[in-house]
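Chemist: Below are the sequence and a predicted model; questions follow.
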Amino acid sequence: MAVTKDLQKIQIAALDDVNRLQDAWIAVLRPLINPEAGAIVGFRWVIVPGANGAASTFALQVAQGEAWKTIATFNASGALVTGTIPGTHVTSNPMLSATTAAGQSIPNSIFTIVVYGTVERDTDSAYNSGTGSYTIPPGKGGDYSITGVINYAAAVAALNALSIFINGAEKKRIEDTSLAANGSLLVSGVLNLAAGDIVDIRTFQGSGVSKLLDASALTNYFTLKRIS
């Protein structure tokens, strides 16, 4: 059967990781799980059939007493799909790194989306470099670490701010009231997001006139990554 062949393939592809990491998993899980549920006694593979003809995935489960818990899933090539195994890279977590050296003009007294137009990394093709908006990919909600940085070319002797917006609502902010020329603002936070949520970085300055961002990718960047 095809499923049996797939299982054999995943077992071979992931065998080194499993053999190397079983002891590590026992050490990691033991203090995190209710000891009354029983000792960790073993590991097993479980075939998870794909929906609507999609390829099967394979769950690596740990046994604690009478209960089994899925700790990671793999595809038929042995690549980690979900979960976190000590010593491996989780490929399923979306990641973005984008910069701008455009010297964007920021109008007076209005929150304006910073358009980081140069994409360095966008694992899920979820970022719109023309609008500065990132859409959380389907099936990949979770906790996201988000950072935005800008640098104004000229001084802003008035209220100025940098914020993380989710679906048009402000969630995190850093502000200043007397930013020097080439002064930077950095905003960061960890937010729980759902698939389809839209993330952008916005800045505000109340100097009375438009102000330019510094034309340097080194000092104007936007990063995002799912961490759980």
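Modeler: Sure, I can see it. Residues are numbered from 1 along each chain as shown.
Chemist: So this structure: which segments form each domain?
Modeler: For the chain, the structural domains run 2-83, 95-226, going by automatic domain parsing.
Chemist: With adjacent residues omitted, what lies nearest to S105?
Modeler: Nearest residue to S105, sequence neighbours excluded (C-beta to C-beta, 6 or more residues apart in numbering): S210, at 5.0 Å. All C-beta atoms are positioned from the backbone trio N, CA, C, and that covers glycine.
Chemist: Tell me, how many residues neighbour that neighbour?
Modeler: Counted with other C-beta atoms under 10 Å, the neighbours of S210 add up to 11.
Chemist: burial count for G117?
Modeler: G117 has 17 nearby residues by other C-beta under 10 Å.
Chemist: repeat for T147
Modeler: T147 has 17 neighbouring residues, counting by other C-beta under 10 Å.
Chemist: cool, and I150?
Modeler: 25.
Chemist: Using the three-state scheme, assign it.
Modeler: Secondary structure assignment for I150 (DSSP: H, G, I helix; E, B strand; the rest coil): strand.
Chemist: Identify the residues contacting it.
Modeler: Contacts for I150 (C-beta atoms under 8 Å, 6 or more residues apart in numbering) come out as 114, 162, 184-185, 201, 203, 213, 219-220.
Chemist: Let me know the closest of those to T177.
Modeler: The closest of the contacts of I150 to T177 turns out to be L185 (C-beta to C-beta; 11.9 Å).
Chemist: S97 pairs with what?
Modeler: R121, T223 (DSSP bridges).
Chemist: In this structure it contacts A217, no?
Modeler: No: using C-beta atoms under 8 Å, S97 is not in contact with A217; the gap is 10.6 Å.
Chemist: all helices for this protein, in order.
Modeler: Taking DSSP state H, the helices of the chain run over residues 2-29.
Chemist: Report the spatially nearest residue to A154, omitting neighbours in sequence.
Modeler: Counting by C-beta to C-beta, 6+ apart, the residue nearest A154 is A181, at 5.3 Å.
Chemist: give the contact list for the one you found.
Modeler: 152-155.
Chemist: So for it, what's the pLDDT?
Modeler: According to the prediction, A181 has pLDDT 91.
Chemist: now do H89
Modeler: Here the pLDDT value assigned to H89 is 43.
Chemist: now swap in the one 10 residues further on and tell me
Modeler: With respect to pLDDT, T99 scores 98.
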